[in-house]
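Undergrad: coordinates only, sequence not included:
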């Protein structure tokens, strides 16, 4: 069972992927040392690399499925632009090419072990919603490398404010203020150029001018105030307390796959856990033992544990038997899809044979009262 005494955690967090603070610091030191400005194309490509690291769930900075053409289409940026950016990082040693066991080309972020190690967990978050805007395309089109840096610095500073708010409705109350004189210096532009540059960030930020005045035909601005839009964040809630289960099962699954000498990627573990969450945990998450106003999920967790380890044990036994007979096992689609089928085909019978009817009835009532929809557990058992 799990210890339910947990320290109070941040209520709202940035919803996106990691950008290591040390990497950001290294980039600034690189610019100062080499006396060059990192081009906008390079920043666009680096953000794509970090997004791909997130997608592949790798902690060593290796990306095996990185497609410039896919990202070019996703961002509405020219393939040649991203290629120029990729070449910049390769030429300056921030990325290097390698080969996987199958001889396929992969890219590796230099010093990733330092950026993503457990001892170096200082990072800020780049919102996923950035990829749903035209910000990257516009910053590349206008060659705004310094505005990329402004955007990233805003992300890292808003990170600290997230710990103080209680819900997404408070996000827009967080403010970051820059003096116009500082922005002119940092961006290397006159006031009009600064206004045009920061207007490109408006899909993710509210921008407010402080001390706005007109002198003849000129616009004078003393300060610029930035606030995040709610699209950048997500409620950081585990109301049904399932995260400890997911963490435990992920570790145990990794151990089993390694013991069987099976080749897998971190993404495969992620897919298995997503399958478990969708096919099992989401079905049973309302099952609880009520104690006054509180709900205990210990019995629910023990049932989910029993079911999961039954499935994992059968899989392990099947592979071991095939190995003894010198047979090879191949997934017809993917590891995640295989386990999804196993979970889906076995969960109904397990529930019928294991969980008392009274618990099922109360879980259905609770889900209906909270969501107003036909309970998922009821739908499963009445198929």
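TA: Arrived safely, thanks for sending. Keep in mind the model is a prediction, meaning the values are calculated, not measured. Numbers count the residues shown, from 1 in each chain.
Undergrad: for the closest residue to residue 143 other than its chain neighbours, what are its contacts?
TA: Excluding its sequence neighbours, the residue lying closest to residue 143 (C-beta to C-beta, 6 or more residues apart in numbering) is residue 40, at 5.4 Å. Glycine gets a C-beta too; all of them are placed from N, C-alpha and C. By C-beta atoms under 8 Å, 6 or more residues apart in numbering, the contact set of residue 40 is 139-140, 142-145, 147-148.
Undergrad: one more time with 6 Å, if that's ok
TA: Neighbouring residues of residue 40 by C-beta atoms under 6 Å, 6 or more residues apart in numbering: 139-140, 143-145, 148.
Undergrad: Now a PyMOL select for only the buried ones of these.
TA: Paste this into PyMOL to select the buried members of these, with burial taken from 16 or more other C-beta atoms under 10 Å:
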select buried, resi 139+140+144+145+148
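Undergrad: Serialize the contacts of residue 40 to JSON lines and add fields for distance to residue 301.
TA: Below are the contacts of residue 40 laid out as JSON lines (distance: C-beta to C-beta, whole Å):
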{"residue": "139", "distance to residue 301": "47"}
{"residue": "140", "distance to residue 301": "48"}
{"residue": "143", "distance to residue 301": "54"}
{"residue": "144", "distance to residue 301": "50"}
{"residue": "145", "distance to residue 301": "50"}
{"residue": "148", "distance to residue 301": "45"}
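Undergrad: Now, the contacts of residue 40 that are in helices?
TA: 139-140, 145, 148 (DSSP state H).
Undergrad: any weak-confidence spans in the stretch 151-300 of the chain?
TA: 163, 165-169, 234-241, 289-297 (pLDDT under 70).
Undergrad: Need the contact partners of the helix or strand containing residue 29.
TA: Using DSSP states H and E, residue 29 sits within helix 21-34. For helix 21-34, contacts defined as C-beta under 6 Å, 6+ apart pick out 115, 122-123.
Undergrad: next one: stretch 344-361
TA: In contact with stretch 344-361 (C-beta under 6 Å, 6+ apart) are residues 279-280, 287, 303, 307, 380.
Undergrad: can you give me the strands for the protein?
TA: 12-14, 16-20, 62-63, 95-99, 105-109, 123-127, 176-179, 205-210, 213-215, 218-220, 223-228, 233-235, 289-291, 294-296 (DSSP state E).
Undergrad: which helices and strands sit right next to the fifth one?
TA: In other words, strand 105-109. Here strand 105-109 is seen to pack against strand 62-63, strand 95-99 when contacts are counted using 3 or more C-beta pairs under 6 Å, 6 or more residues apart in numbering; DSSP states H and E.
Undergrad: Show me what the shortest one is packed up against.
TA: Applying 3+ C-beta pairs under 6 Å, 6+ apart, one finds that strand 62-63 contacts helix 40-56, strand 105-109.
Undergrad: Name the residues of the first one that come out as buried.
TA: Pointing back at helix 40-56 there. So, applying 16+ other C-beta under 10 Å, buried residues of helix 40-56: 40-54, 56.
Undergrad: quick revisit: can you flag which of the contacts of stretch 344-361 belong to helices?
TA: Per DSSP H, those map to helices at 303, 307, 380.
Undergrad: Would you convert these into TSV that also reports distance to residue 335, pLDDT and neighbour count?
TA: Output for the ones in helices among the contacts of stretch 344-361, formatted as TSV (distance: C-beta to C-beta, whole Å; pLDDT from 0 to 100; neighbours: other C-beta atoms under 10 Å):
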residue	distance to residue 335	pLDDT	neighbour count
303	24	92	18
307	18	94	19
380	24	91	16
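Undergrad: Could you save those as a markdown table and add columns showing distance to residue 194?
TA: A markdown table is the format used below for the ones in helices among the contacts of stretch 344-361 (distance: C-beta to C-beta, whole Å):
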| residue | distance to residue 194 |
| --- | --- |
| 303 | 59 |
| 307 | 58 |
| 380 | 57 |
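Undergrad: ok, so of these, who is nearest residue 133?
TA: residue 380 (38.8 Å; C-beta to C-beta).
Undergrad: was I right about residue 37 contacting residue 144?
TA: No - if you go by C-beta atoms under 6 Å, residue 37 and residue 144 don't touch, sitting 10.4 Å apart.
Undergrad: and of the strands of the chain, who's closest to residue 335?
TA: Counting by C-beta to C-beta, and looking across all of these, nearest comes strand 62-63 at 18.4 Å.
Undergrad: what are the pairing partners of the closest one, and which direction each?
TA: strand 105-109 (antiparallel) (DSSP bridges).
Undergrad: Need the residues that contact stretch 254-272.
TA: Residues contacting stretch 254-272 (C-beta under 6 Å, 6+ apart): 56-58, 250, 253, 316, 319, 335-336, 339.
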